[in-house]
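Novice: sequence and predicted model, in that order:
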Amino acid sequence: MSKKGEHDYSATVVWTGNSGEGTKNYRAFSGDHEITCGSKPTIFGSSDPEFLGDSSRYNPEELLLSSLSACHMLWYLHLCANAGVTVSEYVDNAIGRMIETTNGSGYFESVTLKPSIQIGKTDDHELAKALHDKAHSFCFIANSVNFEVGCEPEIRTG
């Protein structure tokens, strides 16, 4: 059981890419896997197609990018609600850059969130924009990574 202020999470990742030979060699298996968290629907994962993965499945890099985007969005919506800014649409087309090193490892260099938001006609446009900085400072995921996470919001009134 978690202490007050602490939150524990669990996920089960099961490799499903054994083609019958296990990891006999790099091309004898796939990176296909399934991610479950309790009784929620399964996420079907694989490696990036550049690393012989299945492009129809999510890869860990996409899931990291999605986690950053979703966490920022949830904080932003929360802060807007508290500040009296009415958001009616929110779409983020986030991008990330991963650098592969010469030894085959890699790291994320940066992520840029590109949310497009629609707020009410009478809402404070400058406040709506400023709340992105606050959302970033509160985002659990952004506070947990060691690379730059930028935000380039587009705010429309409607």
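Specialist: Ah, there it is.

Novice: may I have the beta-bridge partners of residue 119?
Specialist: Counting by DSSP bridges, residue 119 is bridged to residue 87, residue 157.

Novice: what's near enough to touch it?
Specialist: Residue 119 makes contacts with 80, 85-88, 125, 128, 155-158, as judged by C-beta atoms under 8 Å, 6 or more residues apart in numbering. (C-beta placed from N, C-alpha, C; glycine too.)

Novice: which among those end up buried?
Specialist: Buried subset of these (neighbour count, 16 or more other C-beta atoms under 10 Å): 80, 85, 87, 128, 155.

Novice: how about the nearest residue to residue 120 once chain neighbours are set aside, what does it touch?
Specialist: Computed as C-beta to C-beta, 6 or more residues apart in numbering, the closest residue to residue 120 that is not its neighbour in sequence is residue 86, at 4.2 Å. Taking C-beta under 8 Å, 6+ apart as the contact definition, residue 86 lies against 80, 119-120, 123.

Novice: same list (the buried ones among the contacts of residue 119) but as TSV, adding distance to residue 104 and pLDDT.
Specialist: Putting the buried ones among the contacts of residue 119 into TSV (distance: C-beta to C-beta, whole Å; pLDDT from 0 to 100) gives the following:
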residue	distance to residue 104	pLDDT
80	43	97
85	46	97
87	42	97
128	43	97
155	41	97
